[in-house]
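Colleague: need the 3D shape of this:
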Amino acid sequence: MSSILLSLEKVSSRRWDRVVLQDLSWSFQKGESWAVIGPNGAGKSTLVGLILDQIPYFQGSILRSGLKSGLKGIVKVSFEVQQKIIAHEESKERYEAFSGIEEHLLTVSDLLKAESAFKEETDSNQEAQNLIQESGLETLLNRPAQKLSNGEMRKTLLVQALLQNPELLILDEPFVGLDQNSKEFLKNFMEAEVKKHKTIIFTSHIDFKDDYREIKING
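Modeller: Predicted coordinates for the structure are as follows:
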């Protein structure tokens, strides 16, 4: 039985009058992790959009027959999600200051509980507890989301994604905006997940070797 999760066959995509991707053929199997490397504007975001079925017009074929949950089995973590959460929480603070009505500000615990109520009686929730400890989020559970550093928020979003037990995890430029210490921690944390045979696509404008297979796109 084939373990191919997703494959692209001679996929081409244009943005206005510019070819972004041309005749790209690529497939990957369950348990593989890939780094998609290319400069800004090379087509990494277009590739992710195609995988998520967010770009309706393209040539070629994209097969997702190996994903048991279909598109619901794909979870994406991106810097844009972080920005939206912070903007939403800041708007709550502004409203509270204007109205005098107390608003509930999302905490790390709230963000994680949206995906998993960590009760210790089940194996899956014990795994959640372990993941929270491994990521160093245990001491941050009650901290408001907008008070987190970039590195802390990125870890939170990554753990939130892993708690959904995705068939395919897409990490879109996860190191953007992080200091060196946060980059190193996140890199090590991601490598640990790779060694657990998680299926991961990681996009970056910088080379990232180690345990990832690489596919380079140049636009």
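Colleague: now do the contacts for the residue nearest the centre of the chain.
Modeller: Nearest to the geometric centre of the chain sits V77, at 2.2 Å (CA atoms, centre = their mean). Contacts for V77 were tallied using CB atoms under 8 Å, 6 or more residues apart in numbering; they are R154, L157, L158, A161, L169, I170, L171, D172, P174. Where you see a C-beta, it was placed from the backbone N, CA and C, and this is true even at glycine.
Colleague: do I have it right that the second one meets K84?
Modeller: No - checked against CB atoms under 8 Å, the pair L157 and K84 is beyond contact range at 10.9 Å.
Colleague: between the two, tell me which one has more neighbours.
Modeller: L157 (21 against 11; other CB atoms under 10 Å).
Colleague: contacting residues for the more buried one?
Modeller: By CB under 8 Å, 6+ apart, the residues touching L157 are V77, V81, Q82, L111.
Colleague: that one: which element?
Modeller: Assigned by DSSP states H and E, L157 belongs to helix 150-163.
Colleague: hmm, which helix or strand of the chain has the shakiest average pLDDT?
Modeller: Lowest mean confidence among the helices and strands of the chain (mean pLDDT, DSSP states H and E): strand 213-216, at a mean of 60.
Colleague: immediately after the strand or helix carrying A192, which helix or strand?
Modeller: A192 belongs to helix 180-195 when assigned by DSSP H and E. Per DSSP H and E, the first helix or strand lying C-terminal to helix 180-195 is strand 200-204.
Colleague: give the buried residues for that following strand.
Modeller: If you call a residue buried by 16 or more other CB atoms under 10 Å, then strand 200-204 has these buried ones: I200, I201, F202, T203, S204.
Colleague: stretch 181-193 now?
Modeller: By 16+ other CB under 10 Å, the buried positions in stretch 181-193 come out as S182, K183, F185, L186, F189, M190, E193.
Colleague: repeat for stretch 132-140
Modeller: I132, S135, L137, L140.
Colleague: touching, the third one and T156? I think so.
Modeller: To tie it back to what came earlier, the one meant is L137. Yes - in this structure, L137 is within contact of T156 by CB under 8 Å, at 6.3 Å.
Colleague: mutual contacts of those two, please.
Modeller: Residues within reach of L137 and of T156 at once, by CB under 8 Å, 6+ apart, are V108, L112.
Colleague: and the contacts of L157, which of them are in strands?
Modeller: Among those, DSSP state E puts V77 in strands.
Colleague: which of the contacts of L157 has the most neighbours?
Modeller: Using other CB under 10 Å as the neighbour criterion, V77 leads the contacts of L157 with 22 neighbours.
Colleague: so what pairs up with that one in the strands?
Modeller: L171 (DSSP bridges).
Colleague: before we move on, the earlier item: and the helix holding L157, what's buried?
Modeller: So, applying 16+ other CB under 10 Å, buried residues of helix 150-163: 150-163.
Colleague: redo those residues as JSON lines? Include distance to D23 and pLDDT.
Modeller: Output for these, formatted as JSON lines (distance: CB to CB, whole Å; pLDDT from 0 to 100):
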{"residue": "N150", "distance to D23": "37", "pLDDT": "89"}
{"residue": "G151", "distance to D23": "38", "pLDDT": "89"}
{"residue": "E152", "distance to D23": "41", "pLDDT": "91"}
{"residue": "M153", "distance to D23": "38", "pLDDT": "91"}
{"residue": "R154", "distance to D23": "34", "pLDDT": "90"}
{"residue": "K155", "distance to D23": "38", "pLDDT": "90"}
{"residue": "T156", "distance to D23": "39", "pLDDT": "92"}
{"residue": "L157", "distance to D23": "34", "pLDDT": "92"}
{"residue": "L158", "distance to D23": "33", "pLDDT": "91"}
{"residue": "V159", "distance to D23": "37", "pLDDT": "92"}
{"residue": "Q160", "distance to D23": "36", "pLDDT": "92"}
{"residue": "A161", "distance to D23": "31", "pLDDT": "92"}
{"residue": "L162", "distance to D23": "34", "pLDDT": "91"}
{"residue": "L163", "distance to D23": "37", "pLDDT": "90"}
